[in-house]
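S.K.: Got a predicted model here, sequence first, then my questions.
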Amino acid sequence: MSAVAMMRRILFKPIDFFEDIQQPGVIRIRQALLLVVSAYAVRMISLYAAGFAYQDREPYQISALQELIWLIAPWATWCVAHWAVSAILDGEGKFKEIVYGSAFVLAPFIVFMIPVTLLTRVLSLDESGTVNVLMYAINGWMVWLLLLMVKILHNFDLKKTLFITVLSIIGMLIVWFVGILLFGLSNQFMSFVYDMVKEIRLRA
Amino acid sequence: MTISGKARFTIAAVLALSLLVPASVSASAPYDSYTYNSSQRDVRSIAGYMYDGSIDGINWPSGPLNRPESMFISEEGNLYIADSGNNRIVELDAGHQYLRTYGDTEGEGALSEPKGVYVKEDGTVYVADTKNSRIAVFDKDGRFIRDYPKPESPLIGATFSYSPSKIVLDKRDYMFVVSDGNTQGLLQIDPKGEFRGFYGANHVGFSWSRLFVKLIATEEQRRKLAAIVPAEFSDLDMDEEGFMYTTTIGEEANQLKRLSPVGVDTLNFGVSRQYGDYFSVGPFTMASFIGVTVDDDGIITALDLQTSKLFQYDKLGNFLFSFGGVGEQNGLFATPSGVSQNKDGTIYVVDRGRNRIDWFRTTPFADLVHQASVLYVDGRYSEAESLWQEVLKQNANFEMAYQAIGKSMYKAERYKEAMDYFKLARARHDYSLAFKEYRKEYVRENFTMLAAGAMLLFAALRWGVPGAIRFARRKKTANAARTAPVALSPHAKEGESI
């Protein structure tokens, strides 16, 4: 099925959606990537197209690369950490299903963020309550979809769902910590090699 | 031929005349001029003040200045300099000519390192005689009248070390005294010399780290910690209405205060504002304001010892100008210690380190900004508008001007233009207010179009789109039936039906 049809399914019948993707032959990874990319596009549009009163950053303070990293890095580490944690603790979900499901969790954001952004162009600041409620609704919807995904894909009960989710978040933090550590170490190593080569060349 | 000859003559005449007209004198200030924009970045601006001259007293009969601490300028423009190193007060007339000296003779009136001076309208001179721990009073001819020793009161306590450094009198002749190192506020002393309580004390704010330390530290550790005391005042000035302007050292925000007669800060009411430079780059040093002066329009000029710069703010605390700095050139200071200004707006800065007093005149740009700002602060936005336009003509980066013009437009109900100006000033709140009014206006004017558009949109969503989808689907099934009359798999069918 097309990505649009799948998005309609997760928005209106999320339980069916997560049951469906466990069927063989439904998952197309290209669709997952498409959703992440469109979430990024929507995020950039919402930053630039918001009404002036609602822009909390100057245009020059918006970095396309930074926004990309802030979307891709948490999403990717979530997929990896969640798969690792759930695989250890008797989860039934496959990595492919987790990646696909986690990408489609972004659907409410992709669909409803642009209307909310357009709304900020016709609302003044003292009507910001409306915008805030809508934003909370979108975020809450995504959290709910995420929990639903964990529950259905792995066939957990509610308590275990929450437990695994928290563990996955801790796992994400650990992945980041290790990543930063490796980055620092490799930097050190590179500069060590560089210095050594320099010294050998000077002495030779 | 004759025409070209005439032209040649004209050019020659113009050239000859231009030699007679003196070329305009220009001098660049030894300091950068800037304002801060709403995102707290410094933006180049036109200098507001230029160095104009110095007083060092080299030809005075009683010798030159030695470590002057502060000064006072009377209504007539007479200068009274607290010349601390010479233990005297020097009076000069408005033309900076020497008049007389106070407190340099032996006897009761002898001063010891006086740091502050205040002169009443009748010419009576009050001296904060710091080393002698008293307030000394002289008449206008320089004769010692009386003194006020350390006031007695159970509120002050026996261990209180009294070293008065700055003094101001209010309309009731109550003395408001800054005592160095005192954290309880300004001392109020009545004309009889009785202590009348502390005034406008600073407060110790709440701090998470302090709470945390308090929770985990033992009794013994807690005793070893430095006592947390409120920050102390360093200088004060009073305006016509009796509001007290103070500077505080050792605080990061709200270092300038305008205290009402009951001691409430009305300048930073409900906000926390950082005065002086924002040290966003470079060393993390805190501004340390040690001098303040206020003019009749409520424009505040404060002296920061950390950068040796002067910072000027309007009555609402908006940044206007900055000048001065550390250095040897004229216009920079060694160790500035006091600031004062006369009726013309000339600002005098006492440079203790270089034993002289420098004065700065306003530039035409500063005069313009002051004029505009006074009208703006009074809420006379439309009168101020043309002045602000002139300011923008001279300096298009002056952000406050955009805000002020925007307010004027808003008041004149020209909301669309107001929005443009507020956008330039990055004033989101004001922009939003103007936008709301503009939206109201827009809807009222285009109501028919908007209503028709809404109805059309509704019709399209209600009947048009579902109809189109149904039509497309019918065509698709018809095509599918024609090309491949095979039953779809049950799974795909389920997907289709959503």
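M.R.: That came in fine, so what should we check first? Numbers count the residues shown, from 1 in each chain, chains lettered A, B, ... in the order given.

S.K.: Every contact and neighbour count from this point should use C-alpha atoms.
M.R.: Noted.

S.K.: Tell me, how many residues neighbour the residue nearest to residue A:40 when sequence neighbours are not counted?
M.R.: Nearest non-adjacent residue to residue A:40, counting by CA to CA, 6 or more residues apart in numbering or on different chains: residue A:68, 6.5 Å away. Using other CA atoms under 10 Å in any protein chain shown, residue A:68 has 17 neighbouring residues.

S.K.: Which positions in chain A make contact with chain B?
M.R.: A:1, A:5, A:9, A:52, A:53, A:54, A:122, A:123, A:124, A:125 (CA under 8 Å from any CA of the partner chain).

S.K.: What subset of those is buried?
M.R.: Listed as buried from those are A:9, A:52, A:53, A:54, A:123, A:124, A:125; burial here means 16 or more other CA atoms under 10 Å in any protein chain shown.

S.K.: which SS state does the fifth one fall under?
M.R.: What that stands for is residue A:123. Secondary structure for residue A:123, judged by DSSP: H, G, I helix; E, B strand; the rest coil, is coil.

S.K.: Quick one: residues contacting it.
M.R.: Neighbouring residues of residue A:123 by CA atoms under 8 Å, 6 or more residues apart in numbering or on different chains: residue B:436.

S.K.: one step back: from the residues of chain A next to chain B, pick the one nearest residue A:135.
M.R.: Closest approach to residue A:135 among the residues of chain A next to chain B (CA to CA): residue A:54, at 12.9 Å.

S.K.: where in chain B is pLDDT low?
M.R.: Low-confidence segments of chain B (pLDDT under 70): B:1-27, B:280-284, B:484-498.

S.K.: Mind doing that once more with 50?
M.R.: Confidence mapping of chain B against pLDDT under 50 gives the ranges B:1-2, B:22-23, B:25, B:487-490, B:492-498.

S.K.: For it, just list every one of the helices.
M.R.: Using DSSP state H, the helices of chain B run over residues B:2-20, B:208-216, B:219-224, B:364-377, B:381-394, B:399-411, B:415-424, B:428-445, B:447-459, B:465-483, B:490-496.

S.K.: residue nearest the centroid of chain A?
M.R.: residue A:75 (3.2 Å; CA atoms, centre = their mean).

S.K.: quick revisit: is it possible to get CSV of the residues of chain A next to chain B that adds distance to residue B:90 and pLDDT?
M.R.: Output for the residues of chain A next to chain B, formatted as CSV (distance: CA to CA, whole Å; pLDDT from 0 to 100):
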residue, distance to residue B:90, pLDDT
A:1, 94, 77
A:5, 90, 91
A:9, 89, 92
A:52, 58, 91
A:53, 57, 91
A:54, 58, 92
A:122, 66, 92
A:123, 64, 92
A:124, 60, 92
A:125, 58, 91
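
S.K.: out of those, who's nearest residue A:36?
M.R.: Looking across those and measuring by CA to CA, the closest to residue A:36 is residue A:5, at 16.3 Å.

S.K.: Tell me the helix or strand right after the helix or strand harbouring the closest one.
M.R.: Assigned by DSSP states H and E, residue A:5 belongs to helix A:3-12. Toward the C-terminus, helix A:3-12 is succeeded by helix A:14-20 as the next helix or strand (DSSP H and E).

S.K.: Can you point out the buried residues in that following helix?
M.R.: Those buried within helix A:14-20 under the rule 16+ other CA under 10 Å are A:14, A:15, A:17, A:18, A:20.

S.K.: What of stretch A:131-141?
M.R.: Quick answer for stretch A:131-141 (16+ other CA under 10 Å): A:131, A:135, A:138, A:141.

S.K.: Now do the residue of the stretch 1-150 of chain B found nearest chain A: how many residues are near it, please.
M.R.: Nearest residue of the stretch 1-150 of chain B to chain A: residue B:39, at 9.2 Å (CA to the nearest CA). Around residue B:39 there are 9 other residues, counting by other CA under 10 Å.

S.K.: What number of residues are in the vicinity of residue A:61?
M.R.: 8.

S.K.: what's the answer for residue B:265, then?
M.R.: So residue B:265, with other CA under 10 Å, has 21 neighbours.

S.K.: before we move on, what about residue B:225?
M.R.: Neighbour tally, residue B:225, other CA under 10 Å: 10.

S.K.: Now do it against residue B:249, distance only.
M.R.: 21 Å (CA to CA, to the nearest Å).

S.K.: okay, the helices of chain B, which one's buried deepest?
M.R.: helix B:399-411 (a mean of 25; mean count of other CA atoms under 10 Å in any protein chain shown).

S.K.: Output that helix as PDB, nothing but the C-alphas.
M.R.: The C-alpha trace of helix B:399-411 is given here as PDB (Å, rounded to 0.1, in the frame of the first residue of the first chain):
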ATOM      1  CA  GLU B 399      16.300  50.000  17.300                       C
ATOM      2  CA  MET B 400      14.400  52.000  19.900                       C
ATOM      3  CA  ALA B 401      13.400  54.500  17.200                       C
ATOM      4  CA  TYR B 402      11.500  51.800  15.300                       C
ATOM      5  CA  GLN B 403       9.700  50.800  18.400                       C
ATOM      6  CA  ALA B 404       8.800  54.300  19.200                       C
ATOM      7  CA  ILE B 405       7.500  55.100  15.700                       C
ATOM      8  CA  GLY B 406       5.600  51.900  15.800                       C
ATOM      9  CA  LYS B 407       3.900  53.000  19.000                       C
ATOM     10  CA  SER B 408       3.000  56.300  17.400                       C
ATOM     11  CA  MET B 409       1.500  54.600  14.300                       C
ATOM     12  CA  TYR B 410      -0.400  52.200  16.600                       C
ATOM     13  CA  LYS B 411      -1.900  55.200  18.500                       C
END
